[in-house]
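K.L.:
only geometry, no sequence info:
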């Protein structure tokens, strides 16, 4: 059999792609974006708390953060999602029924917080000690100095790593499929997989892959943009300097 | 230079240790209001630690610090630091803020000025240090001398009663030192109470009202510049001066 026609039948069946496209757009893309966005927000908030605890001078605050990070970074994501999604379901079903979404988001957020916490911690620690000292010398309290001077600088330095983590979260959102989703809750991967099983070829999964790339590739370029700006400074600063130099 | 409300500063018997390492071993220094004291001495003698003990960035373990005749060791250190400006060797401007924002940030958040008042005060300070045209620039785009002048403007904008300078010119290229020293001399002439840790012996000789020589955590000898640089009594001071002059 012709290799090209085999590959074409397997991956480029336009009809099955066309058939699944509306559902992927209206259901899959929306759900993937909801899962990823909610996890990014919750994971970032939790991650900042983990970072602040990890940077505490008090051992009894530092250690829980370290243990949390070791556990959630050390476990496979699918294991965490299943343990939380299925393990906590009997408790949470009293609040929101058998809906696996909130627990899926919680699991993804807890995983993300371990990585994001480390990213924030390293960024904050990379800020020169003199910055906090200067803030304190001006009369800022320790919390104000951290909030207004140190943390904003630390976060800027780790923006590329942070966006990379967001990309990972978009991809990991597909693992929520293991919790068993209602038809209206399916994300890109699950819709692609269901359609692939029905049609007997992988074209719908390829389409799901294209959707993932549509989300992640711009984010990758955003990382590159941040990287460039951090290395070279903001264009507006450079232009301002040039104008001032020229008009002096 | 602007009008300043300077206060006297009195350091008596201040001790400070890092673990078992005693860095200050009973330092005494009296600076009357409006006067300038230069602190000189070899590296590791405790000069920079003394400045940080004065504004309580490091807490003294013993002794007392009086500002305008009142002990400051029992009050809130954050409130104390609003009365004492400090300028650092490496400027320590906030790189994520513009020059103007570096000055308005403490004015708005600590002095609680509204945006317009803070900007007006900040621009006035930048004018005084000759950098009004750099208000929108980021610190990273300024020369070292310009950054240090902004750091001085930032400290002065808080209207401190005392200014501390921690080797303010040590990190500058030689051609940039003069401008910063001239600004500090103007400030001294305007009547600011200043404690200046410096290796610039020319500045100490010409601008200081008194010079204190520190070694191993104590003030070994202090006096007017003519005495310190002309008729030093301590052999250690004479040896130090023979190496740096």
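P.N.:
Here it is on my side, so go on. Since we're looking at a predicted model, the values are computed, not measured.
K.L.:
Stretch B:79-94 and chain A in contact?
P.N.:
Yes - applying C-beta under 8 Å from any C-beta of the partner chain, one finds stretch B:79-94 touching chain A at B:79, B:81, B:82, B:84, B:85, B:86, B:88, B:90, B:92, B:93, B:94. Heads up, the C-betas are built off the backbone N, CA and C, glycines and all.
K.L.:
Can you go through those residues and name the buried ones?
P.N.:
Buried residues within these, defined by neighbour count using 16 or more other C-beta atoms under 10 Å in any protein chain shown: B:81, B:82, B:84, B:85, B:86, B:88, B:90, B:92, B:93, B:94.
K.L.:
returning to that earlier point: which members of the residues of stretch B:79-94 next to chain A occur in helices, if any?
P.N.:
Among these, the members falling in helices are B:79, B:81 (criterion: DSSP state H).
K.L.:
now, the most widely separated pair of the residues of stretch B:79-94 next to chain A?
P.N.:
Of all pairs drawn from the residues of stretch B:79-94 next to chain A, the widest gap by C-beta to C-beta lies between B:79 and B:90 and measures 25.8 Å.
K.L.:
Narrow the buried ones among the residues of stretch B:79-94 next to chain A to those in strands?
P.N.:
When these are checked against strands (DSSP state E), the matches are B:84, B:85, B:86.
K.L.:
So, low pLDDT: which residues of chain A?
P.N.:
Chain A contains residues with pLDDT under 70 at A:1, A:231-248.
K.L.:
I'd like to know how far the residue positioned nearest the centre of it sits from residue A:137.
P.N.:
Per C-alpha atoms, centre = their mean, the C-alpha nearest to the average position across chain A is that of residue A:166, at 2.4 Å. Shown here: residue A:166 relative to residue A:137, a distance of 36 Å by C-beta to C-beta, to the nearest Å.
K.L.:
Could you do residue A:201 as well?
P.N.:
Residue A:201 sits 68 Å away from residue A:137, going by C-beta to C-beta.
K.L.:
okay, those two: which has more neighbours?
P.N.:
Per other C-beta atoms under 10 Å in any protein chain shown, whichever of residue A:201 and residue A:137 has more neighbours is residue A:137, with 29 against 20.
K.L.:
before we move on, which element is that one in?
P.N.:
Here residue A:137 sits within helix A:129-138, counting by DSSP states H and E.
K.L.:
counting contacts, what elements does that helix pack onto?
P.N.:
helix A:142-145, helix B:77-81, strand B:84-87, helix B:144-157 (3 or more C-beta pairs under 8 Å, 6 or more residues apart in numbering or on different chains; DSSP states H and E).
K.L.:
ok, 6 Å please
P.N.:
Using 3 or more C-beta pairs under 6 Å, 6 or more residues apart in numbering or on different chains; DSSP states H and E as the contact criterion, the elements in contact with helix A:129-138 are helix A:142-145.
K.L.:
Contacts made by the helix or strand that the helix it packs on is followed by with the rest, please.
P.N.:
Downstream of helix A:142-145, the next assigned helix or strand under DSSP H and E is helix A:151-157. Contacts with helix A:151-157, where a contact means C-beta atoms under 6 Å, 6 or more residues apart in numbering or on different chains, come from A:123, A:124, A:126, A:127, B:96.
K.L.:
again, but for stretch B:8-17
P.N.:
B:23-24, B:26-33, B:53, B:58, B:60-66, B:162, B:193.
K.L.:
all strands in chain A, in order from the N-terminus.
P.N.:
Listed in chain order, the strands of chain A (DSSP E) amount to none at all.
K.L.:
Any residues of chain B in contact with chain A? List them.
P.N.:
Counting by C-beta under 6 Å from any C-beta of the partner chain, the residues of chain B close to chain A are B:78, B:81-82, B:86, B:90, B:92, B:94, B:96, B:106, B:110, B:136, B:138, B:141.
K.L.:
so what's the closest residue to residue B:40 other than its chain neighbours up against?
P.N.:
Closest residue in space to residue B:40, ignoring its immediate chain neighbours: residue B:213 at 5.5 Å, by C-beta to C-beta, 6 or more residues apart in numbering or on different chains. Contact criterion C-beta under 6 Å, 6+ apart gives B:40, B:41, B:220, B:221, B:237 as the residues in contact with residue B:213.
K.L.:
Which one (most neighbours) among these?
P.N.:
Counting by other C-beta under 10 Å, residue B:40 has the largest number of neighbours within the contacts of residue B:213, with 26 neighbours.
K.L.:
how much space between that residue and chain A?
P.N.:
Using C-beta to the nearest C-beta, to the nearest Å, one gets 22 Å for the distance from residue B:40 to chain A.
K.L.:
Which elements pack onto the helix with the most length in chain A?
P.N.:
With secondary structure taken from DSSP H, chain A has its longest helix at helix A:203-232. Counting contacts by 3+ C-beta pairs under 6 Å, 6+ apart, the secondary-structure elements packed against helix A:203-232 are helix A:14-23, helix A:159-172, helix A:188-199.
K.L.:
what inclination does that helix have with respect to helix A:188-199?
P.N.:
With axes from the mean of the first three to the mean of the last three C-alpha atoms, to 10 degrees applied, the angle from helix A:203-232 to helix A:188-199 works out at 160 degrees.
K.L.:
Distance from the chain centre to helix A:203-232, please.
P.N.:
12 Å (C-alpha atoms, centre = their mean, to the nearest Å).
K.L.:
relative to helix A:159-172, how tilted is it?
P.N.:
Direction vectors for helix A:203-232 and helix A:159-172, defined by the same axes, to 10 degrees, enclose an angle of 170 degrees.
K.L.:
list the buried ones in helix A:203-232?
P.N.:
For helix A:203-232, a neighbour-count test (16+ other C-beta under 10 Å) marks A:203, A:204, A:205, A:206, A:207, A:208, A:211, A:212, A:215, A:216, A:223, A:226 as buried.
K.L.:
Surely the second one is in contact with residue A:196?
P.N.:
So the one you mean is residue A:204. Yes - at 4.9 Å, residue A:204 counts as touching residue A:196 under the criterion of C-beta atoms under 6 Å.
K.L.:
Might you report the residue contacts of the closest residue to residue A:208 other than its chain neighbours?
P.N.:
The shortest distance from residue A:208 to any non-neighbouring residue, by C-beta to C-beta, 6+ apart, is to residue A:192 (3.1 Å). When contacts are counted by C-beta under 6 Å, 6+ apart, residue A:192 touches A:204, A:205, A:208.
K.L.:
how does it look with 8 Å?
P.N.:
With contacts taken as C-beta atoms under 8 Å, 6 or more residues apart in numbering or on different chains, residue A:192 has the following neighbours: A:20, A:24, A:28, A:204, A:205, A:206, A:207, A:208, A:209.
K.L.:
ok, now how distant is the first one from residue A:14?
P.N.:
Okay, so that is residue A:20. Relative to residue A:14, residue A:20 is positioned 11 Å away (C-beta to C-beta).
K.L.:
These two - which one has more neighbours?
P.N.:
Taking residue A:20 and residue A:14 together and counting by other C-beta under 10 Å, residue A:20 has the greater number of neighbours (23 against 10).
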